[in-house]
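Student: Can you look at this prediction? I've put the sequence above it.
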Amino acid sequence: MKRLNSQLQQDGAPLELILLIRTLLAGCKEISFRVSQGALAGVLGSTLSENVQGETQKKLDVISNHILKDTLRESGYVKAISSEEEDDVVPCNPEGNYLVSFDPLDGSSNTEINSLIGTIFSIAHAPQWMKPDDPSAFLQPGTQMVAAGYVLYGPSTMLALTTGRGTHIYTLDKTHGGFLLTHPNIQVPEQTSEFSINASNQRHWEPAMQAYVADLLAGKEGPRGKDFNMRWVAAMVGDIHRLLCRGGIFMYPFDNRDPSKPGKLRLLYEANPMAFLMEQAGGKAETGTGRILEVMPEEIHQRVPCIIGSKDEVDMCLSYNDNAK
Ligand code: AHG
Ligand code: MN
Ligand code: MN
Ligand code: MN
């Protein structure tokens, strides 16, 4: 089976980017190990602190953040970091050529129940003019990413990665510590009969989203003329992994509860990397008013609505917006 290195070389990734990705993955392997130790290593449970977004931090949020931050800072390849668990940009090497954004632990609420969690990341070029503590260089659209992916800490530890030449999925071989290419160049089916949404938020959605989901739920007897199944992992990394493997549509849509939070998921380190992976696998990733990858961020923790997955189903969902106009 092909190793990560040879696939990255085949995809034309520059040497420094390959080295950076390998450094980041060394951190993820350490997280994978800590996660697998669970209660034995005392890593479960909450801390007394909150992150900048008002979420109580789990111990694993903090541990994973430290592992990735320290690993990337020491590498020298990175000029600055933005993370879900850091209020501000973290300055690294002033000579570093890359910017890395990450969600160190996605699906924190799943840590206590030994369910799916992961790390999501994106990598962009650091502009020459940038000072390492200047957040403005992070405010570039997702189309500027040079690589993005996630590591899923499930029954197997898996990596989904794109450098803009398709999306490849690798499995960590824990006997020698290497990621082996198990699912090359995956293609998401264009049609699906599976959807993912936290339906407990239904009353806060826009009328178009309410109408779309109502038609999915109506099944064979409704206007869609077929039955749909529903799945919700409560970790985006798990839901998107399922979509990449067998198709589907995932939505964390516009929510009218708080005008400062148009959706729940964060653009830089959740929506953008998943959008890049999905588009590279032939799927779509939209906000409801445009492509996720074209959103110009205004701040590093910005949230966006997400409608991601099988192409035809995403288009179908968006057509309800057009009908509502
Ligand atoms: P995080 O654990 O990094 O804060 O992210 C959680 C996100 C995302 O992974 C998931 O899809 C969603 O929140 C779950 O939200 P609900 O609490 O509405 O299920
Ligand atoms: Mn969180
Ligand atoms: Mn997350
Ligand atoms: Mn997180």
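Tutor: Arrived safely. Numbering: from 1, shown residues only. Ligands and ions are numbered 1, 2, ... in the order given.

Student: make it CA atoms for all contacts and neighbour counts henceforth
Tutor: Fine.

Student: wait, doesn't residue 20 sit right on residue 73?
Tutor: No. Taking contacts as Cα atoms under 8 Å, residue 20 lies outside contact range of residue 73: 10.8 Å.

Student: can you list the residues of the protein near ligand 4?
Tutor: Neighbours of ligand 4 within the chain, by Cα under 5 Å from the ion: 103, 105-106.

Student: Of those residues, just the buried ones, PyMOL syntax please.
Tutor: Typed into PyMOL, the line below selects the buried ones among these, using 16 or more other Cα atoms under 10 Å:
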select buried, resi 103+105+106
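
Student: can you put the residues of the chain next to ligand 4 in CSV and add pLDDT, distance to residue 79 and secondary structure?
Tutor: Shown next, in CSV, are those (pLDDT from 0 to 100; distance: Cα to Cα, whole Å; DSSP: H, G, I helix; E, B strand; the rest coil):
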residue, pLDDT, distance to residue 79, secondary structure
103, 98, 18, strand
105, 98, 22, strand
106, 98, 24, strand
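
Student: Go through the residues of the chain next to ligand 4 and name the one nearest ligand 1.
Tutor: Among the residues of the chain next to ligand 4, residue 106 lies closest to ligand 1 (Cα to the nearest ligand atom), at 3.5 Å.

Student: for the nearest residue to the closest one once chain neighbours are set aside, what are its contacts?
Tutor: Excluding the flanking residues, the one nearest residue 106 by Cα to Cα, 6 or more residues apart in numbering is residue 118, at 5.1 Å. Contacts for residue 118 (Cα atoms under 8 Å, 6 or more residues apart in numbering) come out as 104-107, 150-153, 235, 237-238.

Student: Confirm residue 118 sits in a strand?
Tutor: Yes. Under DSSP: H, G, I helix; E, B strand; the rest coil, residue 118 falls within a strand.

Student: what's across from it in the sheet?
Tutor: Beta bridges link residue 118 to residue 106, residue 152 when assigned by DSSP bridges.

Student: go on, the one 5 residues further on?
Tutor: Counting by DSSP bridges, residue 123 is bridged to residue 100, residue 147.

Student: Quick check, it in contact with residue 101.
Tutor: Yes. Between residue 123 and residue 101 there is a contact under Cα under 8 Å: 6.6 Å.

Student: Could you list the contact residues of the stretch 201-325 of the chain toward ligand 1?
Tutor: 234-236 (Cα under 6 Å from any ligand atom).

Student: Where helices are concerned, which of the residues you listed count?
Tutor: In this view, these that belong to helices under DSSP state H are residue 236.

Student: Please tabulate the residues of the stretch 201-325 of the chain next to ligand 1 in TSV, including the columns neighbour count and pLDDT.
Tutor: Formatted as TSV, these follow (neighbours: other Cα atoms under 10 Å; pLDDT from 0 to 100):
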residue	neighbour count	pLDDT
234	19	97
235	19	98
236	24	98
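
Student: Now do the SS call for the most centrally placed residue in the chain.
Tutor: Centroid-nearest residue in the chain: residue 270, 3.7 Å away (criterion: Cα atoms, centre = their mean). Classification of residue 270 using three-state DSSP returns helix.

Student: The residues of the stretch 201-325 of the chain next to ligand 1 into CSV, with extra columns for distance to residue 3?
Tutor: Below are these laid out as CSV (distance: Cα to Cα, whole Å):
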residue, distance to residue 3
234, 31
235, 27
236, 26
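
Student: Check the residues of the stretch 201-325 of the chain next to ligand 1 against residue 214 and report the nearest one.
Tutor: residue 234 (21.0 Å; Cα to Cα).

Student: Surely the closest one and residue 106 touch.
Tutor: No. Residue 234 lies out of contact with residue 106 (Cα under 8 Å); the separation is 9.2 Å.

Student: Number of residues surrounding residue 284?
Tutor: Residues lying near residue 284 (other Cα atoms under 10 Å) number 25.

Student: mind checking how far it is from residue 41?
Tutor: Noted for residue 284: a distance of 40 Å to residue 41, by Cα to Cα, to the nearest Å.

Student: try residue 129
Tutor: Relative to residue 41, and taking Cα to Cα, residue 129 is found at 43 Å.
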